[in-house]
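**Q** coords below, sequence missing:
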């Protein structure tokens with residue numbers, strides 16, 4: 001959790017006109033949660049590591065969906 005808050009502080013500092021501290025923390029949490037959740041489910045599949053590019057695409061798709069609310073204006 002400390003690492004997430006540190007990342008959020010840096011993100012907010014990098015985009016002070018676009019993100020406040022709460023928004024930056026939410027964005028970092030959404031990203032970490034999306035990647036972690038997707039990997040838990042995907043790696044439970046029997047052939048999860050058979051096609052690393054497919055695994056990467058699926059994690060990226062999940063992450064994009066989780067971050068969509070933050071990226072839409």
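**A** Great, that's in hand. As the structure is a prediction and not an experimental result, all values here were calculated from the model.
**Q** Now do the SS call for residue 49.
**A** Per DSSP: H, G, I helix; E, B strand; the rest coil, the secondary structure class of residue 49 is coil.
**Q** ok, it - contacts?
**A** 43, 55 (Cβ atoms under 8 Å, 6 or more residues apart in numbering). Yep, even glycine has a C-beta here, placed from its N, CA and C like the rest.
**Q** Please enumerate residues in contact with the host helix or strand of residue 59?
**A** Secondary structure from DSSP states H and E places residue 59 in helix 52-71. Contact with helix 52-71 is made by 23, 26-27, 30-31, 33-35, 37-39, 42, 48-49, as judged by Cβ under 8 Å, 6+ apart.
**Q** Of the residues you listed, keep whichever come out buried.
**A** Buried by 16 or more other Cβ atoms under 10 Å: 27, 30-31, 34, 38, 42, out of the contacts of helix 52-71.
**Q** Next, the contact list for the nearest residue to residue 7 once chain neighbours are set aside, please.
**A** Among residues not flanking residue 7 along the chain, residue 28 sits closest, at 5.0 Å (Cβ to Cβ, 6 or more residues apart in numbering). Counting by Cβ under 8 Å, 6+ apart, residue 28 makes contact with 4, 7-8, 11.
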